[in-house]
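Asker: Sequence first, then the predicted structure:
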Amino acid sequence: MKLNFFAEPIEYEDFIPGVNQPWGKDALLFRVNKGLGKLSIRYGRDKNGEPCEFLLLDNKPLINSYGDEMYCPTCAKVLSIGLGKENVTRSLIDTIKGTQDLGSDIREAFDPMKPMLSILEDGYYLLTRIETIPTDGTDRFFWNLTSSKKPYIAAAEVYYKLHSYPGTPRFLLPSQSLQGLNQDRVAYYRELIRNGKVMTGLAYYYDGFMSTLLDGHHRATAAYLENKTIDCLTIIKVTGLGYDLDKRPNRLYAGGKLYSLDLFQRPERIAAYLEKTSNSVKPQLEAQEVEDFLRDCKKAWQQEATPPPYDFGRRNYPDYLSIAFSDMADDTSNEQIEDVMGRRDEDAEFELEMIFKKLQLQEPERALKLARRILHDPNWRGLIEEVFGYYASIDSMEVEDLFIEYLINTEYDAKDPCRMITDEYLQKR
């Protein structure tokens, strides 16, 4: 008889259907026991007391974050590249690369990934697939993180009209410097895309709307150049518990999202483990450890040659705000639209705006139909600028005629945002 005295290093916990995810894909909840801790996020302060955060792989910083902004949920995070994964042990990189070209079912991907997942530190995690956009959350190519500190607004929550949204992992940070780019490999993957191949990658959730790409930089670059997304197998750490009014655990936090414990078959086990581990938080980095990381990064940056001035141009992708607004609109059915437009209150205006933004991304024909309704209903004047901005993205005679009619029938006001949108549109026609 076989006796199991110890838990498996990587334990499957439960399955989460895609309907419970903003990105619509299934996920697994799993637990790491006695993990190697080679991939983790650590905090500390330098000798001057300035806070720093490092995403570490094999005790090498991949990404550095600086300043008090890291403690502010809605503040842009100040980031730079660290040493990059090019300085990490080759065998560990090979383990990471072994996760690619797996089947589409997340349950089939789990067992082959266990050797790689063992590099994580102990805790609960989600494993899921996400259709990831190869930008930094704005209109910039994702592989743009350098040794220079710069703010990343998509690495924070969105706060809009008294509503907040913590983010969803849809954009990318690189884990290596642009020095490693090989244009021949990019060209090879571009050809695969043109022949119908979907690009894949492996990512680790970082913050806000951002994940760090651990493997797949050239595939993501090819996807960007072809205006495609990249299917990233994404690891998201469970970071805490939520409680009801009676102080009983009822939800867990992962990747900016709340998951009800009712989703899982063994909620008591999950809650007990998270409560126990939350009381045994690892100590912060010592000041000397922070200084050593910063010194090593500075030394590596000084030795690097200047990368060629790659210009990958701009592509047409949703930005982080579009994703946030889309996720904030839950029901976009015709029945919901009729209900919202029939209420005519402040909450209704916000809900209608979110529905409109989501339809722009997912159902352009319905978005156009809703735009016409908003435009001709005087009760929704607060959304007219949003409608004009959407119309300005459409190249058609109908929009041109509508804008000309607006200029003719409204009094001149140089500060009128709709007139500004109209003027810019007509100048480009």
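Answerer: Done, it's in.
Asker: State the helix or strand in which Glu424 lies.
Answerer: helix 417-428 (DSSP states H and E).
Asker: Check which residues of that helix are buried.
Answerer: Using 16 or more other CB atoms under 10 Å as the test for burial, helix 417-428 gives 418-419, 421-422, 425. The C-beta positions use only the backbone N, C-alpha and C, and glycine is treated the same way.
Asker: go on, stretch 160-174?
Answerer: 160, 165-174.
Asker: Buried residues in the helix or strand Glu398 falls within, which are they?
Answerer: Assigned by DSSP H and E, Glu398 belongs to helix 397-409. Neighbour-count burial for helix 397-409 flags 399-400, 402-403, 406 (criterion: 16+ other CB under 10 Å).
Asker: Can I get those in a markdown table including pLDDT and distance to Asp14?
Answerer: Formatted as a markdown table, the buried residues of helix 397-409 follow (pLDDT from 0 to 100; distance: CB to CB, whole Å):
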| residue | pLDDT | distance to Asp14 |
| --- | --- | --- |
| Val399 | 90 | 49 |
| Glu400 | 91 | 54 |
| Leu402 | 90 | 51 |
| Phe403 | 90 | 53 |
| Tyr406 | 89 | 54 |
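Asker: Looking at the residues you listed, which is nearest Glu349?
Answerer: Using CB to CB, Tyr406 is the member of the buried residues of helix 397-409 that sits closest to Glu349, with 21.2 Å.
Asker: Local confidence estimate at Asp345?
Answerer: Note for Asp345: predicted pLDDT of 81.
Asker: sorry, back to before: just checking, what packs against the helix holding Glu398?
Answerer: Judged by 3 or more CB pairs under 8 Å, 6 or more residues apart in numbering; DSSP states H and E, helix 397-409 is in contact with helix 384-391, helix 417-428.
Asker: Could you say which one of those comes nearest to Val186?
Answerer: Val186 sits nearest to helix 417-428 of all the helices and strands packed on helix 397-409, at 31.2 Å, using CB to CB.
Asker: quick one, that closest one and helix 384-391 angle?
Answerer: 20 degrees (axes from the mean of the first three to the mean of the last three CA atoms, to 10 degrees).
Asker: please renumber so the chain begins at 43
Answerer: Taking 43 as the first residue, the last one we looked at is helix 459-470.
Asker: Let me know the angle separating helix 459-470 from helix 439-451.
Answerer: Relative orientation of helix 459-470 and helix 439-451, computed by the same axes, to 10 degrees: 130 degrees.
Asker: Can you give the contact residues for stretch 369-389?
Answerer: Applying CB atoms under 8 Å, 6 or more residues apart in numbering, the contact partners of stretch 369-389 are 64, 205, 207, 210, 390, 393-394, 396-397, 399-401, 404-405, 408, 412, 415, 419, 421-422.
Asker: Now which of the residues you listed would you call buried?
Answerer: 64, 207, 210, 390, 393-394, 396-397, 399-401, 408, 412, 422.
Asker: nearest residue to Phe96 other than its sequence neighbours?
Answerer: Counting by CB to CB, 6 or more residues apart in numbering, Phe96 lies nearest to Pro103, which is 4.3 Å off, once chain neighbours are set aside.
Asker: which element follows the strand or helix carrying the one you found toward the C-terminus?
Answerer: Assigned by DSSP H and E, Pro103 belongs to strand 102-108. Next along the chain after strand 102-108, taking DSSP H and E as the criterion, comes strand 119-123.
Asker: wait, what's in contact with Gly126?
Answerer: 102, 104, 217-219, 222, 342.
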